[in-house]
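Student: Fold the following.
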Amino acid sequence: MSPFRGLYKSPAELRLMVAPGLATAASLSAVRAAIRPGVTTIELDAIAERVIRSLGGESNFMKEPGYRHTICASVNDDVVHGIPGDRVIQPGDIVSIDSGAEVGGWNGDAAITVVVPDPTRPELVAERQRLSETTEGSLWAGIARLAVGGHLNEVGAAIEDHIESAGEYGILEDYVGHGIGRSMHEDPPVFNYRVRDRGPRIKPGLVVAIEPMVTAGGIETFTREDDWTVATVDGTSAAHWEHSVAVHAGGIWVLTAEDGGATGLAPFGVIPVPIP
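Tutor: Next up is the predicted model:
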């Protein structure tokens, strides 16, 4: 029996994943608009929570054992899983926000990174902006490969190639993407780098959350005393971008992008197709 049996969702199930994807996208759009100096990460959390509930959803992050917030807010050398609190956003910060919504028992999961302007430190802002843009570009390179590839682990090769072409960056290996559906985290793993195994076939019904996590330095991390926040050992900045993507009979659709991924995929010549 194939180890990948049961990974593929029916057309009806794919349609049910549209609503949580859009709720997730809306929460991140609202948070992005609110990020500025003086705002606390817990205020950003409240914004995401209101948006998700207004769209008939609930936070799937809150269903993770021991986690009590709607988003993860990771700042500067924090890579992922940062807990919202009284931390005040400062000029020049690089802020990664991860959010997820559950609607009707189905899940969405996505992340963005925002660099806060700081006219007094233009070089730092430019460096962090390049890091964020490289990470986001690698995400879209991976999604574009999903549209044309034969097996899932081609996605990681495309992500790695894009990042390596941009400069000396580190790709986290201890944290990877995942399948998504009835649960926020499902099989299969989605690597952000080359692996020997080909992974499952890319075919209709596959839904994955692709999420490169990239640093400006090394890839060694540690978990802070809160038992959640993952930070770089060398103190370098990090960026995190993520989308949930569905493969269907007509093509692919980025569930957590308001335009289905049209803007991000345009440079790759890929046109996303809505789920019928």
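Student: Relative to residue 86, how far out is the residue nearest in space to the middle of the chain?
Tutor: A centroid search over the chain (CA atoms, centre = their mean) returns residue 242, at 1.6 Å, as the residue closest to the centre. Shown here: residue 242 relative to residue 86, a distance of 25 Å by CB to CB, to the nearest Å. Every residue, glycine included, has its C-beta placed from N, CA and C.
Student: now stretch 201-209: mean pLDDT?
Tutor: Averaged across stretch 201-209, the pLDDT comes to 98.
Student: end-to-end on it?
Tutor: In stretch 201-209, first residue to last residue: 16 Å (CA to CA, to the nearest Å).
Student: Contacts made by it with the rest, please.
Tutor: 4, 7-11, 13-14, 17, 109-110, 146, 149-152, 154-155, 177-181, 188, 190, 200, 242-249, 255 (CB atoms under 8 Å, 6 or more residues apart in numbering).
Student: how about the strands in the stretch 151-276 of the chain?
Tutor: 170-171, 177-179, 186-190, 207-210, 213-215, 221-223, 230-232, 238-240, 243-248, 251-254 (DSSP state E, counting those that start in this stretch).
Student: Can you give the strand pairings for the fifth one, parallel or anti for each?
Tutor: Next to strand 213-215 in the sheet, as set by DSSP bridges, lie strand 170-171 (antiparallel), strand 238-240 (antiparallel).
Student: do the same with the longest one
Tutor: Strand 243-248 has the following sheet partners, assigned by DSSP bridges: strand 207-210 (antiparallel), strand 251-254 (antiparallel).
Student: which of the strands of the stretch 151-276 of the chain is buried the deepest?
Tutor: Of all those, strand 238-240 carries the top mean neighbour count, a mean of 30, counting by mean count of other CB atoms under 10 Å.
Student: still on that earlier bit, what would the strands paired with strand 243-248 look like in JSON lines with distance to residue 217?
Tutor: Formatted as JSON lines, the strands paired with strand 243-248 follow (distance: least, CB to CB, whole Å):
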{"stretch": "strand 207-210", "distance to residue 217": "23"}
{"stretch": "strand 251-254", "distance to residue 217": "30"}
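Student: I'd like to know which of those is closest to residue 118.
Tutor: strand 207-210 (30.0 Å; CB to CB).
Student: about what we covered before: per-residue pLDDT of the residue nearest to the centre of the chain, please?
Tutor: pLDDT, read off for residue 242, is 98.
Student: Isn't it up against residue 98?
Tutor: Yes. Taking CB atoms under 8 Å as the definition, residue 242 is a contact partner of residue 98 at 6.7 Å.
Student: need the longest helix for the protein.
Tutor: Identified as the longest helix of the chain according to DSSP state H is helix 122-148.
Student: Identify the contacts common to residue 242 and residue 98.
Tutor: Once CB under 8 Å, 6+ apart is applied, the residues that residue 242 and residue 98 both contact turn out to be 109-111.
Student: got the residues you listed as JSON lines, with secondary structure, pLDDT and distance to residue 50 columns?
Tutor: Listed next are the shared contacts of residue 242 and residue 98 as JSON lines, based on DSSP: H, G, I helix; E, B strand; the rest coil; pLDDT from 0 to 100; distance: CB to CB, whole Å:
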{"residue": "109", "secondary structure": "strand", "pLDDT": "98", "distance to residue 50": "19"}
{"residue": "110", "secondary structure": "strand", "pLDDT": "98", "distance to residue 50": "17"}
{"residue": "111", "secondary structure": "strand", "pLDDT": "98", "distance to residue 50": "19"}
